[in-house]
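Peer 1: heads up, no residue letters with this:
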């Protein structure tokens, strides 16, 4: 009955590899997000999708490509991984009902380590 | 875009004392201000939020105040307990979905 889930929880890989992180929410929310949290704990939004449509695309290298097959899933694919990509990646979701901002529910995070 | 500054970066208080964390934001269009708590190795979780039509909100031992004129908002935790130890993040939202987070405050409650 986990609300927002991510796989894998840990990911260790070599520079130059391509990897994907998957996210699923069972809350019936319309909006999903990807955040990056670096070693200093800074939490920065990368992407946001609303009903499978991209609505936020921050200044992120185009090696990062989000994909939303349906509104319950938002995956993140990263090409040609670099050392600086090492971080914890959080998926989140919110309802964003008309007229207000809503609580964002975070997944457990995926710790990516690039060697 | 929105810029959120948060102070202090670390805060140590004795159990039972109060803790105050302050944030300022830059975008006058921001009208939603949540606070998230992140325990070590865990996900951020919402603890309280405030919207721009309200100046203060309280939930048991935590309260948030908002001064829209000065563009700052604060988190107040009273009667702190060891389980309050965590990193706290403020955030501001100028439009639907887009949250800009502060840099975080590591709160340590000592016995």
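Peer 2: The structure has been received and is ready for your questions. All values reported here derive from a predicted model rather than from experimental measurement.

Peer 1: check contacts around residue B:27.
Peer 2: B:1, B:2, B:3, B:92, B:94 (Cβ atoms under 8 Å, 6 or more residues apart in numbering or on different chains). Just so you know, the C-beta spots here come from the backbone N, C-alpha and C atoms, and that holds for glycine as well.

Peer 1: I only care about these that end up buried; give me the PyMOL line for that.
Peer 2: Applying 16 or more other Cβ atoms under 10 Å in any protein chain shown to the contacts of residue B:27, the buried members can be selected in PyMOL as follows:
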select buried, chain B and resi 2+92+94
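
Peer 1: how about the residues of chain A near chain B?
Peer 2: For chain A, the residues in contact with chain B under the definition Cβ under 8 Å from any Cβ of the partner chain are A:31, A:33, A:40-45, A:48, A:50, A:55-56, A:90, A:94, A:96, A:100-101, A:103-104, A:106-109.

Peer 1: In PyMOL, select just the buried ones from the residues you listed.
Peer 2: In PyMOL, selecting the buried portion of the residues of chain A next to chain B, with burial taken from 16+ other Cβ under 10 Å, looks like this:
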select buried, chain A and resi 31+33+41+43+45+48+50+55+56+90+94+96+101+104+106+107+108+109
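
Peer 1: Report the residue spans of the chain with pLDDT below the cut-off.
Peer 2: Just going to use chain A. Using pLDDT under 70 as the threshold, the predicted model of chain A has low-confidence ranges A:1, A:97-101.

Peer 1: Not quite, go with chain B.
Peer 2: Counting by pLDDT under 70, the low-confidence segments of chain B come to B:95-97.

Peer 1: biggest strand in it, by residue count?
Peer 2: Secondary structure assigned by DSSP state E gives strand B:86-95 as the longest strand of chain B.

Peer 1: wait, does that one contact chain A?
Peer 2: Yes. Looking at strand B:86-95 against chain A by Cβ under 8 Å from any Cβ, the contacts come from B:87, B:89, B:93.

Peer 1: which of the residues in stretch B:104-111 are buried?
Peer 2: Buried residues in stretch B:104-111, counting neighbours by 16+ other Cβ under 10 Å, are found at B:104, B:105, B:106, B:107, B:109.

Peer 1: Could you rank the residues of strand B:86-95 next to chain A by neighbour count and give me the top one?
Peer 2: In terms of neighbours by other Cβ atoms under 10 Å in any protein chain shown, the residues of strand B:86-95 next to chain A top out with residue B:89 at 27 neighbours.

Peer 1: Now that one. Nearest residue, chain neighbours left out?
Peer 2: Taking Cβ to Cβ, 6 or more residues apart in numbering or on different chains, and ignoring the residues beside it in sequence, residue B:89 has residue B:36 as its nearest neighbour in space, at 4.6 Å.

Peer 1: Which residues does the one you found form beta bridges with?
Peer 2: On the basis of DSSP bridges, residue B:36 takes part in beta bridges with residue B:46, residue B:89.

Peer 1: What segments of the chain are strands?
Peer 2: Assuming you mean chain A. Here chain A has its strands, by DSSP E, at A:4-7, A:10-13, A:19-25, A:31-37, A:43-50, A:53-57, A:64-70, A:73-78, A:87-94, A:105-106, A:110-114.

Peer 1: actually chain B
Peer 2: Counting by DSSP E, one finds strands in chain B at the ranges B:4-7, B:10-14, B:19-25, B:32-38, B:45-51, B:56-59, B:62-67, B:72-77, B:86-95, B:98-101, B:105-110.

Peer 1: With respect to residue A:66, which of the ones you listed lies nearest?
Peer 2: Closest approach to residue A:66 among those is made by strand B:98-101 (15.2 Å; Cβ to Cβ).

Peer 1: If anything else comes up later, I'll come back, but that's it for now.
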